[in-house]
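> when you get a sec, could you give me coordinates for this:
(2 chains)
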Amino acid sequence: MKYLLLKHYRGAPAAVNDVPMDQWTPEEVSAHIQYMRDFAARLEGTGEFVDGQALSPEGTFVRYDGEGRPPVTDGPFAETKDLIAGWMVIDVDSYDRALALAGELSAAPGAGGKPIHEWLEVRPFLTEPPTITE
Amino acid sequence: MDEALLRTLTPTVIGILVRRGADFAAAEDAVQDALIEAVRGWPDDPPRDPRGWLVTVAWRKFLDAVRADASRRHREVRVDAEPMPGPVEGVDDTLQLYFLCAHPSLTPASAVALTLRAVGGLTTRQIAQAYLVPEATMAQRISRAKRTVSEVRFDQPGDVATVVRVLYLVFNEGYSGDVDLAAEAIRLTRELAARIDHEEVAGLLALMLLHHARRPARTGPDGRLVPLAEQDRGRWNTRLIAEGVEVLQRALARDRLGEFQAQAAIAALHADARTTEETDWVQIVEWYDELVRLTDSPVARLNRAVAVGEADGPRAGLAALAKLDPALPRYAAVAAYLHERDGDPGTAARLYAEAARSASSLAERDHLTRQAARLNARLRR
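The predicted model follows:
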């Protein structure tokens, strides 16, 4: 079963240890980055890692504006918009395993070296229909 | 198995097939098939004459493809199984392949992919891995590129500037996955430099060698970016630096300056200094002036502002920066650096945090965040 773990810049409920990263000490920043690397490496080791990407906070809305016209844009994103920071895709045996891993990721250390307790979104992928249905 | 040899032979063998009458697209496909067969079979059963083996197998693949195509279309096509006797020996069409694969009608991404496959001898899978796209996507990109250049005559003289630009792009991609694109770009530029006497090809080769020399010092053990000023210069590769400087001096002696020679000259001045303090910043500013004159590039002007800040003090650097567009990539990072040097850590911290938000790579973002964190920690004390 594949799950998407989504991390938000904005839009998720506030984390417990909610201090902007540039207000941490450099050592705390390094510890956090190392934790994330180790986490991904460990999931590769267990055969559960599929993909992970980080997104720039820059972005804009775009839509079709009719035949022969260029697309309309609306942006940059308003300050109120839910903003995705990045994702990790995992392939695990159960929903519980997905929750456990998201919990570990949320425990990444932040200011004061303490866990951030950040809210992550866990979303199951829609799959191909099974061959046998009855 | 000698994969390097296999890659070196690729453009030569494509050239031979084209001279025997195959069109470029079909010849390239046939050689790619032969390469894949070689990768599979050579480790157990290496041929005595690798080039002869590749020519024979690729030609057979080509004939098979033509016959399959003919029977699909229910047409009678006569193909000679025996290759035409032609002026095959002693002729090297590799240079023509460089031009064709970097043809101006191709987009940069297509030119890069086609060059890596037809000139570099990489497999589609390796190229796809290096650029983090699915193999099928890369295969499509390459076959579309081949269709785009199908009307281009193989013997037309090409434009060196386009080839150099493509190789520069490959080098700058660095390395991800199994293929070291920087090393591959250097190999391809060396091969090019051996075939054409051009000062900017030499300039690019020098630039690559001088930057590649710093690579061991550019990342820390935990993968973090180490900026030039903080690099352990003892870890720079002195052999590559010596070669780069020599190649550059020979190019500069021809007195036909170009942007890659100017960039290489800047890199050489950095390589020449044992510490940041010993760097000849005045000369570096002069080279940036040349670079700005040659390219009128805003990025060159931005880097020039940094050099001015070192040569004439941060105030002068900030004055140079003030003339530039703040929307430039890395503008905030440069401004942050100069403000810190100017004794204003508060402004610098704010700008570093802003720069981190607009960084285009994760390593750069982490680096800029650390800089902001370092200054903020100092301000709290």
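> residues contacting stretch B:195-203, please?
Stretch B:195-203 is contacted by residues B:92, B:94-95, B:160-161, B:163-164, B:189, B:192-193, B:247-248, B:250-252, B:254, B:256-264 when judged by C-beta atoms under 8 Å, 6 or more residues apart in numbering or on different chains. All C-beta atoms are positioned from the backbone trio N, CA, C, and that covers glycine.
> could you tell me which residues of the stretch 201-350 of chain B lie near chain A?
Proximity of the stretch 201-350 of chain B to chain A is confined to B:222, B:223, B:224, B:349 under the rule C-beta under 8 Å from any C-beta of the partner chain.
> so which of the residues you listed is the most crowded?
Tallying neighbours with other C-beta atoms under 10 Å in any protein chain shown puts residue B:349 at the head of these, with 24 neighbours.
> pLDDT weak spots in chain B?
Low-confidence segments of chain B (pLDDT under 70): B:1, B:74-91, B:175-177.
> which residue is nearest the middle of it?
Chain B has residue B:171 as the residue nearest its centroid, 2.3 Å off, counting by C-alpha atoms, centre = their mean.
> which residue is the nearest non-sequential neighbour of it?
residue B:185 (3.6 Å; C-beta to C-beta, 6 or more residues apart in numbering or on different chains).
> quick one: the residue nearest to the centre of chain B is in a strand?
No - read with DSSP: H, G, I helix; E, B strand; the rest coil, residue B:171 is helix and lies in no strand.
> mind giving me the ChimeraX select for the contacts of stretch B:195-203, buried ones only?
Selection command for ChimeraX covering only the buried members of the contacts of stretch B:195-203, criterion 16 or more other C-beta atoms under 10 Å in any protein chain shown:
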select /B:94,95,160,163,164,189,192,193,247,248,251,252,257,258,259,260,261,262,263,264
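> restricted to helices, list the contacts of stretch B:195-203.
Residues of those located in helices (DSSP state H): B:94-95, B:160-161, B:163-164, B:189, B:192-193, B:247-248, B:250-252, B:259-264.
> residue B:204 and residue B:262 touch, don't they?
No - when contacts are counted by C-beta atoms under 8 Å, residue B:204 is not listed as touching residue B:262 (11.4 Å).
> near chain B at all, the longest helix along chain A?
Looking across chain A with DSSP H, the single longest helix is helix A:26-45. Yes - contact of helix A:26-45 with chain B (C-beta under 8 Å from any C-beta) involves A:26, A:28, A:29, A:30, A:33, A:34, A:37.
> report the distance from that helix to the chain centre.
14 Å (C-alpha atoms, centre = their mean, to the nearest Å).
> kindly report the same for stretch B:355-366.
The answer for stretch B:355-366 is 22 Å, by C-alpha atoms, centre = their mean.
> please name every helix or strand in contact with the helix or strand containing residue B:56.
When elements are assigned from DSSP states H and E, residue B:56 belongs to helix B:50-72. The contact analysis (3 or more C-beta pairs under 8 Å, 6 or more residues apart in numbering or on different chains; DSSP states H and E) places helix B:50-72 against helix B:3-19, helix B:24-41.
> adding distance to residue A:121 and mean neighbour count, write the ones you listed out as a markdown table.
Shown next, in a markdown table, are the helices and strands packed on helix B:50-72 (distance: least, C-beta to C-beta, whole Å; neighbours: other C-beta atoms under 10 Å in any protein chain shown):
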| stretch | distance to residue A:121 | mean neighbour count |
| --- | --- | --- |
| helix B:3-19 | 44 | 21 |
| helix B:24-41 | 42 | 20 |
